[in-house]
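1. sequence first, then the predicted structure, then my questions.
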Amino acid sequence: MKKAVLITGAGSGIGAATALEFSRQGYFIYLMGRSKEKLEDVALNCRQGACLLSCDLQDSSQVNKRVREIFENPIYQLEVLVNNAGIYKTHTAETSTDEIWREHFEINMLGPERLTRLLIPYFKERKKGSIVNVSSTLGLKPTGPTGAYSALKAALINWTQNLALELGQCGIRVNCICPGIVDTPIHSFHAFSAEKKQEALGKYAGLQPLGRIGTADEIARSIYFLASEASSWTTGAILTVDGGINLT
């Protein structure tokens, strides 16, 4: 039976890079995201095959339906869940709104929890599974004005460790990766003109002890490490992949 991975937020950035990394390692990919068109583009480069799961993590009925679809196909054995989907909107304490906090909570925290909850019985039955949650260095060391994002990424870290304690004896590993500043569409500079983008990257590069921002491929390789048997005795780990910015 062919091994498979489910990746959320798989249409771009870290999610797309992670899909391609797992494909290179021989996995069938379940691509979950809100944009079917973006998922289709990623699927074209998944050499081991892919299934598109267009889904809004804020809609529990959609999530339930997509999970059922995964288990309706017995050809592939789901081994890994990568909770990568997230949003990032800056705001100050004064400009914050209920909607900003609600959206960050629904997508950055409740979405991963909801999906994981549905998959735990399956992993328990197999007595094996690997879950990787994508948090952020802002969940460890916040900077303003990122209140909602930082708070929910911190919650994701705590929840990762809670799950690791609870599920370890069931053979399920749960780990968390905290990327620093990475060149992905979640940042506004990603869409700048070439000249403006280079200017922005130069500014951010100076904040990193390694002198540059990261790439999605670098994060993807670290996610694969945490998910794979290469880290078989690792659970509850919080891995920073951030050019050293968390040290500054």
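-> Okay, I see it. Numbering: from 1, shown residues only.

2. contact partners for the residue most central in space within the chain?
-> Note on the chain: the residue nearest the mean C-alpha position is residue 84, at 1.5 Å, using Cα atoms, centre = their mean. Going by Cβ atoms under 8 Å, 6 or more residues apart in numbering, residue 84 touches 7-10, 14-15, 18, 134, 223. Where you see a C-beta, it was placed from the backbone N, CA and C, and this is true even at glycine.

3. and it, how far from residue 184?
-> Separation of residue 84 from residue 184 (Cβ to Cβ, to the nearest Å) stands at 11 Å.

4. need the residues touching each of the two.
-> residue 14.

5. ranges for the strands of this protein?
-> Assigned by DSSP state E, the chain shows strands spanning 2-8, 28-33, 50-54, 76-83, 129-134, 172-179, 238-241.

6. list the strands paired with the last one, with their directions.
-> Based on DSSP bridges, the strands next to strand 238-241 in the sheet, each with its direction, are strand 172-179 (parallel).

7. give the buried residues for the partner strand.
-> Using 16 or more other Cβ atoms under 10 Å as the test for burial, strand 172-179 gives 172-179.

8. and what of stretch 198-206?
-> Neighbour-count burial for stretch 198-206 [16+ other Cβ under 10 Å]: 200-201, 204.

9. can you tell me the average pLDDT over that stretch?
-> Stretch 198-206 comes out with an average pLDDT of 84.

10. just the residues contacting that stretch, thanks.
-> By Cβ under 8 Å, 6+ apart, stretch 198-206 touches 181, 183, 189, 192, 211-213.

11. work out the gap between that stretch and the centre of the chain.
-> Averaging C-alpha positions (Cα atoms, centre = their mean, to the nearest Å) puts stretch 198-206 24 Å from its chain's average.

12. and what of stretch 99-107?
-> Using Cα atoms, centre = their mean, the offset of stretch 99-107 from its chain centre is 17 Å.

13. I figured residue 1 hits residue 76, correct?
-> Yes: applying Cβ atoms under 8 Å, one finds residue 1 in contact with residue 76, separated by 7.0 Å.

14. between these two, which one's more packed in?
-> Taking neighbours as other Cβ atoms under 10 Å, residue 1 and residue 76 compare with residue 76 leading, 20 against 7.
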